[in-house]
Every structure is written in structure tokens, then in C-alpha cells.
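Asker: Quick one, structure for this:
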Amino acid sequence: MEFTAGRFPVIVIGAGHAGIEAALAAARLGVPTAIFSLSLDAVGNMPCNPAIGGTGKGHLVREIDALGGMMGKAADATCIQYRMLNLGKGPAVHSLRAQADRRAYQDYMKDVLENTEHVTLIQAEISEILLKDGRVAAVKTTRGAVYETQAAVIACGTFLGGRVIIGEFTQDAGPDGLFPATELSKCLQELGVTLRRFKTGTPPRVNKNSIDFSAMVLQEGDREVVPFSFETTVQPENSAVCHLTYTTPLTHEIIRNSLDKSPLYTGVIEGVGPRYCPSIEDKVVRFADKERHQLFIEPMGLHTAEMYVQGFSSSMPEDVQIAMLRSVDGMQNAQIMRPAYAIEYDCVDPLELLPTLELKKIGGLFGAGQFNGSSGYEEAAAQGLVAGANAALGVLGREAFTLSRSEAYIGVLIDDLVTKGTNEPYRMMTSRCEYRLVLRQDNADVRLAEKAFGAGLISAERLAAVQEKARQVQQELQRLCKLSVSPGDANPLLAQVGSTPLSTGVKFSELLKRPEVSYALLAPLDKDCSPELSPRVLEQVEIELTYAGYIKREEARIAQFDRMEKMLLPAGLDYLQLQGLRIEARQKLLQLQPRSLGQASRISGVNPADIAALMVYLEAAKKNVSRETFSEGV
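Answerer: Alright, predicted model coming up:
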């Protein structure tokens, strides 16, 4: 029986990492928002790795935090081991990663949702999206409750049409044995949304009491913990350790002898899996020359015996999984608490999305997270924040919120999805970002605060705090450019780090450009007594000085990129009529309708000659030359 249950201007479908940030972003803008979950016990669940951050992903978490999001704060409140990755490389690729206490993280996020103004948390399955005049008008639950709305965000994760696979065993289910969302897939297809089938997987969970850690390598956290959130004031502490072990030749033999039972190779699995995070059987086949593969044994929390076997994702039958695990050093007596499994799910072709993450075909309907073809908690949360903000801004009749790929990793993530599309679950990596020396994790707050405040996502007080930090950085840079040091004072210290001695006096700023020279080394020579500055301010000062030339060069490239982005193309342009373009380019441009010349240049199948033709068109349009004249003359 159908009945009207209420009205919320914004509705979020799913309460995972994408849904949480979507609901909280809409609420920060003052828009009443309902967030629906199949189970309130699964809010903020980590069905795969109990960790936040990682290479490239740590940048996303910092940017989410800079935009007022909650993931970084939740991580700092519940994480049990922190490690800064890639410290042997430059600051552009430094990425924070931390193991989370899985249940504590869930409890934290559920508490935030329950106690945030303008947010209503409801347990129900959304089965239908109802339209009026081509726009979202309401959603309906499987129980027949109808909730009127002006905008909806789909953030279903892997629940949408979910199917779990372990060997020959298959079951319609979401992660962790929860119910799947099946009716919504049918509704979306009826509405003309193009759905595809992707696949992901997760390793087994093993009882720590059955593991011989003495046969493994201890992996401790950082001595000096760096938090995720720029607003964290209580220093997080490491309270857990991880361990490293490896597969063995016997492991590989068991896998090769069991490939006829692997759903990956028998055709049971139909969805496309992530290339950058393959299953262990896939790794053994694809990298047959490798004698072993790394496995990290990571705790699921402080109050559970479950350990996560990172790197051992599989869809093999359970008996094969047991044999595989027990062939690993330190795991000879391992007891599986939860077997590994693959899960297939439905997702949209992200080329059907606008940069705001609104579907092109249905006004007021937004997508976020794995529904958009991405993978990972951090990618999901980043998209959720943008989708939720834009859903609320649309309700308020305000300008949409978007980020360029020259402004943020979140901009790269969304632009890659909506412009290039993806044929596999998309994963953020630092290599995807062209301007990563400028878009570092340490300066995310300075980069994004003004834009976040303009959209209403952060308070005036937080903006002022970020501006004060930026002022301190610039003031210290100016001070160091004036402060001099003599060879006699500097050379003994330079000798300690093997740095070339001075023959003449130089400014402190010049010495700090040397990679081996640090603030701490030169502190005894600072006669002006450097003001009390936070470690985060000092970090940015050092980076700005050390990489000044490279940063300047990258900023020039960004300026050129931004010029292309500002060359806007008319909405609804009929590219089929532009004879100067190749047929493939016309078809792709017509389908995607890029907003700018810059976005057009990143579309697969559009080459530099096509861009040159579009530039001619734009110049002709400025001079009021008709499109017919252009078409004939190009």
C-alpha cells in the first residue's frame, strides 16, 4: 500500500561513505535532508579494508576535510595506526594512511548523522524514483512509503544489484551478508539510465589467535603522527601494529592447480574488476615471474580478533582459500572467520553525468561513489560531498559547486569520470594528477577554503583560521628571504648533512632550497629567533622554498590550462554540423557536450586538430559569423 510519509528537499539513498558526506554537505547548507540505509547497523561500514587514506587517497581525505567534510575527523577519532607513505619521495606524493577501528568508525559516523541538524536517518530500501516533468519529485520505499523531494543522491555502493560469489556459490547480497538493493536497478533502467556491471572483492578475515606473528615482519606506525583533519587538536596515537608476510611457491602452486574452480576463469564472474587491485589468483597468473607477493596483516579494530589479509582478495572456493592461506608463512594454522568473496554490482556509465554529478537525463538526480564507477571509501566520500552540495544548492537556486582538475584531486577524480569515463572501477592515484606539486595534501585547506566558504560549506571562523595560516607562511617566507648567514657559521652545519660548503654569505631562503637542509638544522643560526609557528606552517614554508622553481613552472602550466577551461562552448551545440571536425570527434562531442575547450581536449577520440577547429569556431562566433559560414569554411 502506497502512502505519503513526508517531504525532504534532499534525499540521499545509501549511508556509506558517499552517502554520509552527501547528507552532511546538504545539511551544512541548511537544507533538510533524509538519508536512507538498508540497515542502520551498516552506516559508515568498511566492508573491505579497515583503513582510510593511502597513495592519492590521502589527498582526497585532506580535501574533503578542507571542504567541511567529516571523513578526516572521523579517522582521527577512530584510527589506531598512522603511516605517512612515500616519504622517500617528494612532498607531492606524500600520502597519509591509517588503520581504522572499524566499529568505532561506524559508531562515530552514525552518531554524527543522528545529531546533525537538518539530517534525518531512516532505515528503508528505496525501490523507485518518481519523476515529474523529467525531474525527481519523490522516492518510494519497498514498504510503499513515498517521500517527496526536489533532489536525490544515489550512493548505493555495491548494494545495487549486488551478487556475492565464492567459487561456485553465488547469492544475491550486499557486502557482509546484507540484503542487496534490487528494485532500484530495475527502476533506473526503466528511466533510461545506462547501467553497467562492475566487480570488486575482499580478502578473508582471520582470527589473530591462529596466526604466528613471529614468522612475520613487524610494521609499526609513525613515531610522529600527522592527523588527517586540519582541525584536529588532540594528537592521535598509534595503538596497534600491522605485520608483513609473503605468499610462497606452494601458495602459487595451489592457485594454479585450482584455476578451473576460480569464478574469474570459469565465466561465473561477469563484472569488470579493478585492474589496480587484482585478486591474488589474478596476480599469480598475470605476474607469473614473481616468486612471492606481499601480504599485510592488519587489525580490524582494538576489540576484535579479526585480522584483514591485505593483498589476498579472492573469489576461490572456501576450501581452496583455506589451503592458500595455510601455505603462507605464519599462517599455517590460520582460522578463517569470514571467507574472501567477489561482489558484482550495478553502476552508471559516468559519461551520463555532469561535472556537478547530476545525471544529464534526469534533473535533480545525482550519483556518488561506486554508483559512478569508482572504487574506494575516499573516492566515494569526495563525490558524495560534491553531489550533496550540488543537490542542496539546486534546491536553494544557487550556483553549482564544481572543482577544476587544476584546483583539487577531487576535480581530477570527477573530471576523469565524467569526461573520460571508465571501463573498470576507478581508483585515485597521484599519477593521475598533472599538477600534483601544487595540489599537495599539506596545502589542501589553503587551496580550497575560500571556495568552500563561498559555497557555504565551511564557517567564516574556519576561513579566517586558514587565512591566518596562509599569512604566517608568506610572512615567514619574506623573513627568510631577508635573513643572511655567513660561511663560517653555516659550513659546520652543512658538513653534518654532506651539503656543499658556502664560499660567500647567502640568505636562509637559499640554503633551505637544498633538499638535505632543514629548518631544524639551521635553527642555531636563526639570530632573529623564528616566531613560534606550527609544524604545518613550517612544512609549507620548507616545501615552497625547496621547490620554488618547479612550483612556479607548474603554476604557469595551470594558468594555461585555466585559459582553456574559460573558453566556454555553447550548451546544446550540434557538433554534427561542424564539418571541420572528424566524424568520431563530432559523435563524442555531441554525446558529452563539454562545457569548455579544455574539457573537450580531454575527451577520448578528440585530437588536437579537432580542438584547433573548435577554436576557429569560437573565434568566428565572437565575430558573429554564422555557423553555416564556419561549417563551409573550415
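
Asker: domain assignment for this structure?
Answerer: The chain resolves into domains spanning 205-344, 460-552, 567-633 when parsed by automatic domain parsing.

Asker: Would you format those domains as JSON lines with mean neighbour count, distance to residue 367 and mean pLDDT included?
Answerer: In short, each C-beta sits where N, CA and C put it, glycine included. Below are these laid out as JSON lines (neighbours: other Cβ atoms under 10 Å; distance: least, Cβ to Cβ, whole Å; pLDDT from 0 to 100):
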{"stretch": "domain 205-344", "mean neighbour count": "18", "distance to residue 367": "18", "mean pLDDT": "94"}
{"stretch": "domain 460-552", "mean neighbour count": "15", "distance to residue 367": "28", "mean pLDDT": "89"}
{"stretch": "domain 567-633", "mean neighbour count": "16", "distance to residue 367": "16", "mean pLDDT": "83"}
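
Asker: quick one, which of those is nearest to residue 130?
Answerer: Residue 130 sits nearest to domain 567-633 of all the domains of the chain, at 26.4 Å, using Cβ to Cβ.

Asker: List the buried residues of the helix or strand harbouring residue 196.
Answerer: According to DSSP states H and E, residue 196 maps onto strand 195-202. Within strand 195-202, the residues that qualify as buried are 195, 198, 199, 200, 201, 202, counting by 16 or more other Cβ atoms under 10 Å.

Asker: swap in stretch 428-438?
Answerer: 428, 429, 430, 432, 433, 435, 436, 437, 438.

Asker: what pLDDT, on average, does that stretch get?
Answerer: Across stretch 428-438, pLDDT averages out at 95.

Asker: chain center to the strand holding residue 196: distance?
Answerer: 17 Å (Cα atoms, centre = their mean, to the nearest Å).

Asker: outside of that strand, which residues touch it?
Answerer: 47-49, 158, 161, 175, 185, 188-189, 269-274, 277, 279, 313-315, 340-349, 370, 373, 375, 424-425 (Cβ atoms under 8 Å, 6 or more residues apart in numbering).

Asker: Can you tell me which of those end up in strands?
Answerer: In strands, defined here by DSSP state E, the members of the contacts of strand 195-202 are 341, 342, 343, 344, 345, 346, 347, 348.

Asker: Which one, of the domains of the chain, ends up nearest to residue 117?
Answerer: Taking Cβ to Cβ, domain 460-552 is the member of those nearest to residue 117, at 17.3 Å.

Asker: how about the nearest residue to the residue nearest the centre of the chain, chain neighbours excluded?
Answerer: In the chain, the residue lying closest to the centroid (Cα atoms, centre = their mean) is residue 379, at 2.3 Å. Counting by Cβ to Cβ, 6 or more residues apart in numbering, residue 379 lies nearest to residue 428, which is 5.4 Å off, once chain neighbours are set aside.

Asker: In contact with the one you found, which residues?
Answerer: Listed by Cβ under 8 Å, 6+ apart, the contact partners of residue 428 are 56, 57, 59, 60, 374, 376, 378, 379, 409, 412, 413.

Asker: hang on, the earlier thing: ok and the strand holding residue 196 relative to strand 341-348, angle-wise?
Answerer: Counting by axes from the mean of the first three to the mean of the last three Cα atoms, to 10 degrees, strand 195-202 lies at 150 degrees to strand 341-348.

Asker: Which strands and helices lie in contact with whichever strand or helix holds residue 65?
Answerer: Per DSSP H and E: residue 65 is located in helix 57-66. With contacts taken as 3 or more Cβ pairs under 8 Å, 6 or more residues apart in numbering; DSSP states H and E, helix 57-66 sits against helix 71-78, strand 95-100, helix 377-396, helix 409-415, helix 444-455.
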